[in-house]
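Engineer: missing the sequence, but the structure's below:
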């Protein structure tokens, strides 16, 4: 009679399940959600416009504003993301628009005043009450005889999360930029010669 095969060794205790870092999971969800929340760059409103024949003057007010105000361009925005036992809530706020005016000057217009004040002919030569600038030199020596104006929107995305390991949260900065051009000339003063004997 053949010998019996030896019995298989008894299985050891099951390996413990890997520990989940729920706070790291929440941070990853928040980062992904902040990147895709839908923040958009503004369409620049500016006077004088980037249109052939439109030229501003040195020392005269330049008005800037948001041409396409919406939650995606000036806020606020909110989003809730649920992934398994993790719930992440995001609130996005536009803090300010930093304007690089192309001549070395910058203007910081607070997001609380957005979309700022659009120019109308009624304003005449008055400065913008919410977001404006005055050029101190002409753009005639610049490439294309114009300044490139860049508007950079600074956003703050604040997030909170509930997880099996407790609550957590943080702040994620976001930024969007757009550009246009502006032409600035100098007001030429015509000086007439005086009359003889004057």
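Structural biologist: Now that the structure is in, tell me what you want to look at. Quantities reported herein were computed from a predicted structural model and do not represent experimental measurements. Residues are numbered from 1 along each chain as shown.

Engineer: shaky segments in the protein?
Structural biologist: 1-17, 188-198 (pLDDT under 70).

Engineer: In it, which helix is the longest?
Structural biologist: Under DSSP state H, the helix in the chain containing the largest number of residues is helix 22-35.

Engineer: Show me what that one packs onto, helices and strands only.
Structural biologist: Packed against helix 22-35, as judged by 3 or more Cβ pairs under 8 Å, 6 or more residues apart in numbering; DSSP states H and E, are the following elements: strand 77-83, strand 86-100, strand 147-163, strand 166-182. To be clear about C-beta, it is placed using only N, CA and C from the backbone, and glycine gets the same treatment.

Engineer: can you redo these as JSON lines with mean neighbour count and distance to residue 65?
Structural biologist: JSON lines is the format used below for those (neighbours: other Cβ atoms under 10 Å; distance: least, Cβ to Cβ, whole Å):
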{"stretch": "strand 77-83", "mean neighbour count": "14", "distance to residue 65": "20"}
{"stretch": "strand 86-100", "mean neighbour count": "20", "distance to residue 65": "9"}
{"stretch": "strand 147-163", "mean neighbour count": "20", "distance to residue 65": "10"}
{"stretch": "strand 166-182", "mean neighbour count": "15", "distance to residue 65": "12"}
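
Engineer: Can you add distance to residue 136 and give the ones you listed back as TSV?
Structural biologist: Shown next, in TSV, are the helices and strands packed on helix 22-35 (distance: least, Cβ to Cβ, whole Å):
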stretch	distance to residue 136
strand 77-83	37
strand 86-100	15
strand 147-163	12
strand 166-182	14
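
Engineer: Of all the ones you listed, which one is nearest residue 71?
Structural biologist: Among the helices and strands packed on helix 22-35, strand 77-83 comes nearest to residue 71, with 5.0 Å by Cβ to Cβ.

Engineer: so that closest one versus helix 22-35, what angle?
Structural biologist: 140 degrees (axes from the mean of the first three to the mean of the last three Cα atoms, to 10 degrees).

Engineer: For the residue most central in space within the chain, give its distance to residue 44.
Structural biologist: The residue lying closest to the centre of the chain (Cα atoms, centre = their mean) is residue 153, at 2.4 Å. Per Cβ to Cβ, to the nearest Å, residue 153 is found 11 Å from residue 44.

Engineer: ditto for residue 74
Structural biologist: Look at residue 74 and residue 44: by Cβ to Cβ, they are 13 Å apart.

Engineer: Any chance you could list residues touching both of these two?
Structural biologist: Counting by Cβ atoms under 8 Å, 6 or more residues apart in numbering, the shared contacts of residue 74 and residue 44 are residue 66.

Engineer: residues in contact with the residue nearest to the centre of the chain?
Structural biologist: Neighbouring residues of residue 153 by Cβ under 8 Å, 6+ apart: 39, 41, 42, 73, 74, 94, 96, 97, 111, 175, 176, 177.

Engineer: Can you report how many residues lie near the second one?
Structural biologist: Other residues lying near residue 41 total 16 when counted by other Cβ atoms under 10 Å.

Engineer: Next, the contact list for it, please.
Structural biologist: Residue 41 neighbours (Cβ under 8 Å, 6+ apart): 73, 151, 153, 176, 177, 178.
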